[in-house]
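Asks: Here is a sequence with its predicted model. Questions after.
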Amino acid sequence: MNVLFKEPPTQQHTALTKSEMDFLLNYLNSTTAGFLSLILFCLFLYNPFKFRQGKEAPRVAGAWPIIGHLPLLSRSKTPHRTLAALAEKYGPIFTIQLGSKKTLVINNWEISKECFTTNDTAVSSRPKLVGMELMGYNNAVFAFAPYGPYWRELRKITTLEILSSRRVQQQQHVRVSELQSSIKELYNLWCSQKNESGYALVELKQWFSHLAFNMVLRMVVGKRYFGSENVDDEKAQQCVKAVEEFMRLLGVFAVGDAIPWLRWLDFGGHEKAMKETAKELDNILSMELEEHRQKKGLGEKVHEFQDFMDVMISLFDGKTIDGIDADTLIKSTVLTVILGGTDTTNIVLTWAISLILRNPSVLEKVKTELNIQIGKEKLVTESDISKLTYLQAIVKETLRLYPPGPLSGPREFTENCTLSGYNIEKGTRLITNLWKIQTDSNVWEDPLEFKPERFVTTHKDIDIKGQHFELLPFGSGRRMCPGVSFGLQMVHFILATFLHSFEILSSSPDPIDMTETFGLVNTKTTPLEILIKPYLSFTCYENL
Ligand code: HEM
């Protein structure tokens, strides 16, 4: 093995640091002598100067044979920042090698625009990932399905039956009742645990998470999980953990994704963990499906909208699409909505409160706005949101600095095309570094500062629905997030109601910790413990 390290096979490799050696040692397990011989054979075949026609986007130096730039990303806790640093050196478009997969990384709004308009068809597919095969019903989860009729059909149904503005409006009572019971829960906690200065300590990350789960699950399976009589707390926690683990595992670089022929080795045990998570989620979904069928009676038509699973049963029972049976279609699509809607909402809210508490003047301004627009005698309603322009600016600014998916959804080019004057080959993967685009100093003044004011002044006309390419937290093009209206509705309503209902303070004199943990989504690593005290007239809470 040492021979490998002493004599790098090409001139472009820099000397190995200790951590690079550790990484490689980790991967190239010492027990696999036969496997090493195979690597040496492949090094012999490896030709870094392979001839390519046309102009190629700049390639990041320092790729290892076989594993390419995987160490660079696997070592980083914040790959969006690591890739952004590379953009400073290589420019707004460059390629890296993730195992055998050539991957294009784009970093400015001009290239994103060209990508998601002129080249949108060519770039609307997703790569087949090991995680999606093992945890996503063998790629039946449409959010990760290749571009084609199957994806189109499932996306259309999901949009029409649950995510359209009409449906979102129809489900308003669910959001209102869930939010009110969660506010009541906090108020009760405050009553029993307040300290001498009238504040109580709460952990908000979990509060947001339970609330988002309850809202989404009531829409998709018709019942809340937390605080419910029908679901025990252990099952609810199990569901949240399985969804979080799903997101984390989709973000890890499984060996099989980068080096398919080494998949069987399952370095790091990711595939094993994926199978376990898949089993847990499937148990939950199968139980729900069974319960729904029992209630309705097999084959019976649902005449009125009850929940998303009912609609899916009435649409798909006895049918198949692309050889995928009804049960799989229903479970995988319900899972898509749960995955799409829960963690993202919770993450945006957690970062928003963290940023607000680090910026007391922002807190003061938003409290003033809430006071003027709503007053102290009633809770916020959804129809109040349009008046809360500063609160909306806070959400935009949070999504700019801390987009839940800073590298957007993974894409794959299905046709050869030209982007920014460079030839891109079919089969190349695409990473859109949303975080870099949204913090580009050519577009944003003080790009890393939290300044919601920009969205009520200089940038007030920029929206976040995929048409303004300098701010794309929901992605863009035909594959952009279909949950944008529903997601924003939940985030605005929860944030406004929480900030209006309570006075908030940091629980420590130190600034709120902003350490990030990246999976498929970018979460706050540490809990968000803060102090709260009721702000409204007591009758507002007591009548809930
Ligand atoms: C609240 C904040 C949210 C953010 C910031 C967000 C962001 C994103 C992003 C960046 C993508 C990838 C888009 C691309 O590849 O260009 C995506 C895809 C997706 N999101 Fe969201 N999302 C949010 C909420 C939701 C909600 C509430 C739902 C549904 C309930 C949802 C469902 C989906 C689905 C199904 C996809 C895959 C679309 C496809 O492949 O056709 N998202 N989201």
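Replies: Right, received. Where do you want to start?

Asks: which residues in the stretch 101-250 of the chain form strands?
Replies: 101-106, 200-203 (DSSP state E, counting those that start in this stretch).

Asks: which stretch among the ones you listed comes nearest the ligand?
Replies: Among those, strand 101-106 comes nearest to the ligand, with 11.8 Å by CB to the nearest ligand atom. For glycine as for every other residue, the C-beta is placed from the backbone atoms N, C-alpha and C.

Asks: Could you give the separation of stretch 156-176 from the chain centroid?
Replies: Distance, stretch centre to chain centre, for stretch 156-176: 20 Å (CA atoms, centre = their mean, to the nearest Å).

Asks: quick one on the thing from earlier: most packed of the strands of the stretch 101-250 of the chain?
Replies: strand 101-106 (a mean of 22; mean count of other CB atoms under 10 Å).

Asks: May I have the strands that pair with that strand, each with its orientation?
Replies: Next to strand 101-106 in the sheet, as set by DSSP bridges, lie strand 93-98 (antiparallel), strand 429-432 (parallel).

Asks: Please export the C-alpha coordinates of it as PDB.
Replies: Listed next in PDB are the C-alpha coordinates belonging to strand 101-106 (Å, rounded to 0.1, in the frame of the first residue of the first chain):
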ATOM      1  CA  LYS A 101     -18.700  10.100 -12.100                       C
ATOM      2  CA  LYS A 102     -17.700  13.400 -13.700                       C
ATOM      3  CA  THR A 103     -19.600  16.100 -12.000                       C
ATOM      4  CA  LEU A 104     -20.200  19.700 -13.100                       C
ATOM      5  CA  VAL A 105     -20.500  22.300 -10.400                       C
ATOM      6  CA  ILE A 106     -22.200  25.600 -11.300                       C
END
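
Asks: for the record, mean pLDDT for that strand?
Replies: The pLDDT scores in strand 101-106 average 97.

Asks: and what of stretch 481-490?
Replies: Mean pLDDT, stretch 481-490: 95.

Asks: and that stretch, anywhere near the ligand?
Replies: Yes: figure legend: stretch 481-490 in contact with the ligand (CB under 6 Å from any ligand atom); contacting residues 481-483, 486-487.

Asks: can you check stretch 513-520 too?
Replies: No: applying CB under 6 Å from any ligand atom, one finds stretch 513-520 out of contact with the ligand, separated by at least 9.6 Å.

Asks: buried residues in that stretch?
Replies: Residues of stretch 513-520 classed as buried: 518-520 (neighbour count, 16 or more other CB atoms under 10 Å).

Asks: From the residues you listed, pick the one nearest the ligand.
Replies: The ligand has its nearest neighbour among the buried residues of stretch 513-520 in L520, at 9.6 Å by CB to the nearest ligand atom.

Asks: who's in contact with the closest one?
Replies: 247-248, 250-251, 405 (CB atoms under 8 Å, 6 or more residues apart in numbering).

Asks: so where's the chain uncertain?
Replies: 1-54, 297-305 (pLDDT under 70).

Asks: Just the closest residue of the stretch 151-300 of the chain to the ligand, please.
Replies: R155 (5.0 Å).

Asks: pretty sure that residue is touching G483, no?
Replies: No: with contact defined as CB atoms under 8 Å, R155 does not reach G483; the gap is 11.0 Å.

Asks: Looking at those two, which one has more neighbours?
Replies: G483 (24 against 19; other CB atoms under 10 Å).

Asks: which residues touch that one?
Replies: Counted by CB under 8 Å, 6+ apart, G483 has contacts 163, 337, 340-341, 344, 474.

Asks: near the ligand, which residues of the stretch 201-350 of the chain?
Replies: 336-337, 340-341, 344-345, 348.

Asks: Sitting in helices, which of the residues you listed do you find?
Replies: Those of those mapping onto helices are 336-337, 340-341, 344-345, 348, per DSSP state H.

Asks: any chance of those in JSON lines, plus distance to V255 and neighbour count?
Replies: Shown next, in JSON lines, are those (distance: CB to CB, whole Å; neighbours: other CB atoms under 10 Å):
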{"residue": "T336", "distance to V255": "26", "neighbour count": "24"}
{"residue": "V337", "distance to V255": "30", "neighbour count": "24"}
{"residue": "G340", "distance to V255": "27", "neighbour count": "20"}
{"residue": "G341", "distance to V255": "30", "neighbour count": "23"}
{"residue": "T344", "distance to V255": "27", "neighbour count": "23"}
{"residue": "T345", "distance to V255": "32", "neighbour count": "26"}
{"residue": "V348", "distance to V255": "32", "neighbour count": "25"}
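
Asks: Looking at the buried residues of stretch 513-520, which are in strands?
Replies: F518 (DSSP state E).

Asks: can I get the buried residues of stretch 513-520 in JSON lines with distance to L217?
Replies: Output for those, formatted as JSON lines (distance: CB to CB, whole Å):
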{"residue": "F518", "distance to L217": "26"}
{"residue": "G519", "distance to L217": "21"}
{"residue": "L520", "distance to L217": "20"}
